[in-house]
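take a look and give me a structure for this.
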Amino acid sequence: MKLLIVDDEELTRVGVISSINWQSIGIDEVLQADDGMNGLEMARMHKPDIILCDVRMPRLDGIQMLEQMETILPDVVPVFMSGYSDKEYLKAAIKLKAVNYIEKPLDPLEIQDAVIEARDLCLERKRTRHNESIHSMENASRLALLLTQPYAQAKENIDQLLAELSLSISPSTSFTAIVLKTETEEELPINEAGAMYMSVREFLKTFHIDCIFAEKRVQYMVYFLFGPAPGPAARKSIEEFFCKLYSRYSRFCIAAGDTLTGISKAYQSYTSAVILLQNSFFFPAGTFLSPFHEAPSAWNKPELPAHPEHELLTLLTAKDQEGTTLFLDKLMEYFGRNQNILPNQAKDLYYKLFRSLEEAARQLKLTLSDKQENLIDALEKIFSFGELHQKLVRKTEAFFQAVDNTAEENSTIFMIKDYISQKYMNETLSVKDISDHVFLSTSYVCTFFKNETGQTLNQYLTEFRMEKAKQLLSDPRYKIADISSQVGYSDGNYFGKSFKKYTGFSPSEYREKMG
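Purely as a prediction, here's the structure:
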């Protein structure tokens, strides 16, 4: 808690400060000012909880200072000091809810008792204000959720909450819904959500606008702004503020609905924001979309073939890298200029394109990756179209890299490598298992593989396991002890020695180096 001492006599201020152990009575910071004008300025800057002030001072006396201070610090608790027994001053002090009135010469024990009394009153006021704030915020949140339903359906409950909340809403009040989507799957702590909401309300005061807020299905935050309709400059400032406020999330998108008059139209503003938010999938993360957003022109929009997945499969199996790049560029341009496609339609098409890539790899006997990935789950988690497209681009680049690396590879070598990529996590995997898989003798397989690749089978298997271990170590979610068993080593110590021999680092050193 902060206490401000305002007195025009320096000796009095110094004496009061030095005569009391402030920390022991819960005062963390003691400030001082030499008259009422400076006291008012200090109060504006530092927002003290308790004011210990002289009554008579030059420029602005204590009573006048507290009267002006009531508008900026309504909960401050005053304690007056005076060497004059003036009844009029006492009456004014009582009117200003002074907790005590101490006569000079000052007694440190009397000051301490008065400050303790002021502290207790201040804490009680803070608790009351905090409880009222939480109750008010909960009601505002309930109201915001009700406004996401058709007005006729929720009117009775809306009217009931409006009667409880002190909100300036009239038939001419404008409403604008703002809906945010974040990548988080965890609900914000109530104190953090509340702090963000209060910062929005504070910012909007500049435009004489208020708001209510609610979280909806964890990933969505809904704000209803109400007051005078914001002009173009105000809209721009509000957009910039929201983007900055939510920049703590690496990926988020925001959409504002139409600005409409009357609380009965709030639901329409919300639905228009939700429709825009769906469209945000085709924009970069961090984009703020509003009804005034200019969509890219549909002029000269590229056309896609009836079955893009078939065209991609043809290009890939023909090993046409240039044609594939042109196809992907056309795909990106098509979705960038077409505002009438739903995110799920794009994801459905890209799911087919990923399957075409897998099919082309199978036909050409290419090993792209052993990483087991549920494609449907992976696509569901993708936040934006740009991210989705880049995933396909990276996969096709890996495809053509594999084409280059295995252009002349013998089909038996492909079968051996493919088998290892599927079985490397089995500790018991042996040369005999591999030779049985390709229907050749153990000695012939070893000689043949060494002649074709320049490596022994055991060298290749160890190298494959170590590369997989490196991939897993780059992800902090996996424990080192678990990684060893995932790459075919039941003995963690032996895995550690093998890894250090291969990379020059122990697994923990490698992870630290990667971090």
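
can we go C-alpha only for contacts and neighbour counts from here?
Noted.

okay, the residue nearest the centre of the chain: pLDDT?
Residue closest to the mean C-alpha point of the chain, counted by Cα atoms, centre = their mean, is Tyr249 at 2.6 Å. According to the prediction, Tyr249 has pLDDT 72.

I'd say it and Gln219 touch.
No - Tyr249 is not in contact with Gln219 according to Cα atoms under 8 Å; the separation is 11.3 Å.

give me the average confidence score over stretch 291-309.
Averaging the model's pLDDT scores along stretch 291-309 yields 65.

distance check, the residue nearest to the centre of the chain against Ala214.
18 Å (Cα to Cα, to the nearest Å).

next one: Leu4
Distance of Leu4 to Ala214, computed by Cα to Cα: 38 Å.

who's more crowded, the two?
The neighbour count for Leu4 versus Ala214, taken as other Cα atoms under 10 Å, is higher for Ala214 (26 against 22).

and that one, what does it touch?
Residues in contact with Ala214 (Cα atoms under 8 Å, 6 or more residues apart in numbering) are Ala140, Ser141, Arg142, Ala144, Leu145, Met221, Val222, Tyr223.

element containing Glu311?
helix 308-317 (DSSP states H and E).

in terms of secondary structure, what does that helix contact?
Judged by 3 or more Cα pairs under 8 Å, 6 or more residues apart in numbering; DSSP states H and E, helix 308-317 is in contact with helix 321-337, helix 343-363.

turn those into a markdown table, including distance to Asp28.
Shown next, in a markdown table, are the helices and strands packed on helix 308-317 (distance: least, Cα to Cα, whole Å):
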| stretch | distance to Asp28 |
| --- | --- |
| helix 321-337 | 57 |
| helix 343-363 | 55 |
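
now the ones you listed as CSV including distance to Phe175 and mean neighbour count?
As requested, these are exported to CSV (distance: least, Cα to Cα, whole Å; neighbours: other Cα atoms under 10 Å):
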stretch, distance to Phe175, mean neighbour count
helix 321-337, 31, 16
helix 343-363, 28, 17
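
quick one: closest of those to Ile382.
helix 343-363 (9.2 Å; Cα to Cα).

just for the stretch 351-500 of the chain, where's the confidence low?
369-374, 406-409 (pLDDT under 70).

how about the strands in it?
For the stretch 351-500 of the chain, strands defined by DSSP state E, counting those that start in this stretch do not occur.

buried ones from the contacts of Ala214, can you make that a PyMOL selection?
Buried residues within the contacts of Ala214, by 16 or more other Cα atoms under 10 Å, are selected in PyMOL with:
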select buried, resi 140+141+142+144+145+221+222+223
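
helices - which of the contacts of Ala214 land there?
Ala140, Ser141, Arg142, Ala144, Leu145 (DSSP state H).

how about those in CSV, adding distance to Met415 and pLDDT?
Listed next are the ones in helices among the contacts of Ala214 as CSV, based on distance: Cα to Cα, whole Å; pLDDT from 0 to 100:
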residue, distance to Met415, pLDDT
Ala140, 64, 85
Ser141, 61, 87
Arg142, 62, 90
Ala144, 61, 92
Leu145, 58, 92
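
want to throw these into JSON lines with distance to Lys450?
Shown next, in JSON lines, are the ones in helices among the contacts of Ala214 (distance: Cα to Cα, whole Å):
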{"residue": "Ala140", "distance to Lys450": "73"}
{"residue": "Ser141", "distance to Lys450": "69"}
{"residue": "Arg142", "distance to Lys450": "71"}
{"residue": "Ala144", "distance to Lys450": "70"}
{"residue": "Leu145", "distance to Lys450": "68"}
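
which residues touch the helix holding Glu311?
305, 321, 323-324, 327, 349, 352-353, 356-357, 359-361, 363-364.

that one vs helix 321-337, what angle?
If you take axes from the mean of the first three to the mean of the last three Cα atoms, to 10 degrees, helix 308-317 sits at 150 degrees to helix 321-337.

quick revisit: quick check: phi and psi on the residue nearest to the residue nearest to the centre of the chain when sequence neighbours are not counted?
What sits nearest to Tyr249 in space, not counting adjacent residues and going by Cα to Cα, 6 or more residues apart in numbering, is Thr182, at 7.0 Å. As for Thr182, its main-chain torsions (degrees, to the nearest 10) stand at phi -120, psi 170.

who does Thr182 bridge with?
Beta-bridge pairing for Thr182 (DSSP bridges): Phe252.

now the helix or strand that contains Gly15: average pLDDT?
Using DSSP H and E, Gly15 sits in helix 10-19. Mean per-residue pLDDT for helix 10-19: 90.

chain center to that helix: distance?
49 Å (Cα atoms, centre = their mean, to the nearest Å).

same question for stretch 447-457.
Remark: stretch 447-457 is offset 51 Å from the chain centroid, using Cα atoms, centre = their mean.

quick thing: my sequence starts at 12, can you match it?
OK, 12 is where the count begins now, so the last one is stretch 458-468.

who touches that stretch?
By Cα under 8 Å, 6+ apart, stretch 458-468 touches Ile424, Val442, Cys457.

mind running it again at 10 Å?
420-421, 423-424, 427-428, 431, 441-442, 445, 453, 455-457, 470-474 (Cα atoms under 10 Å, 6 or more residues apart in numbering).
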